[in-house]
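Student: dropping the sequence and predicted coords here.
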Amino acid sequence: KKDQLGGALHRAQNTGRIAVLEEAPTARYFASEKNDSNRCPPCGEIDGTEFDDLDAVRAAYGTGGYQLCEGGIRCRGTVVATWE
């Protein structure tokens, strides 16, 4: 049950994060998998990847963790934005 609740909360947070980024000035977007010390190999591979735009972010993260994560609902991956 903790995994289900944690996953639901994380997905809600990522959905909100992407919605805010849609309204914010254009930024640089990066995958961040640092919140999970038990990350799977696919999450380790995408960590630090820079995305071209928010469409690429949505393709990788949808409304939750990384789409190719082997941990499913337990994925804690996200995207971070930086502005110059």
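Tutor: Arrived safely, thanks for sending. Residues are numbered from 1 along each chain as shown.

Student: what's around residue 9, how many residues?
Tutor: Residue 9: 10 surrounding residues under other CB atoms under 10 Å. For every residue, glycine as well, the C-beta is placed using N, CA and C.

Student: likewise for residue 84?
Tutor: Number of residues near residue 84 (other CB under 10 Å) recorded here: 5.

Student: mind checking how far it is from residue 68?
Tutor: Distance, residue 84 to residue 68, using CB to CB, to the nearest Å: 29 Å.

Student: for the least confident helix or strand in the chain by mean pLDDT, C-alpha coordinates in PDB please.
Tutor: Least confident element among the helices and strands of the chain, by mean pLDDT, DSSP states H and E: helix 2-23 (a mean of 84). The C-alpha trace of helix 2-23 is given here as PDB (Å, rounded to 0.1, in the frame of the first residue of the first chain):
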ATOM      1  CA  LYS A   2       2.900   2.400   0.700                       C
ATOM      2  CA  ASP A   3       4.200   1.800  -2.800                       C
ATOM      3  CA  GLN A   4       0.800   2.600  -4.300                       C
ATOM      4  CA  LEU A   5       0.400   5.800  -2.300                       C
ATOM      5  CA  GLY A   6       4.000   6.900  -2.900                       C
ATOM      6  CA  GLY A   7       3.600   6.300  -6.600                       C
ATOM      7  CA  ALA A   8       0.300   8.200  -6.800                       C
ATOM      8  CA  LEU A   9       1.800  11.200  -5.000                       C
ATOM      9  CA  HIS A  10       4.900  11.200  -7.200                       C
ATOM     10  CA  ARG A  11       2.800  11.000 -10.300                       C
ATOM     11  CA  ALA A  12       0.700  13.900  -9.100                       C
ATOM     12  CA  GLN A  13       3.800  15.900  -8.400                       C
ATOM     13  CA  ASN A  14       5.300  15.300 -11.800                       C
ATOM     14  CA  THR A  15       2.000  16.100 -13.500                       C
ATOM     15  CA  GLY A  16       2.000  19.400 -11.600                       C
ATOM     16  CA  ARG A  17       5.600  20.100 -12.400                       C
ATOM     17  CA  ILE A  18       5.100  19.600 -16.100                       C
ATOM     18  CA  ALA A  19       2.000  21.800 -16.100                       C
ATOM     19  CA  VAL A  20       4.000  24.600 -14.400                       C
ATOM     20  CA  LEU A  21       6.900  24.200 -16.900                       C
ATOM     21  CA  GLU A  22       4.400  24.600 -19.800                       C
ATOM     22  CA  GLU A  23       3.500  28.100 -18.500                       C
END
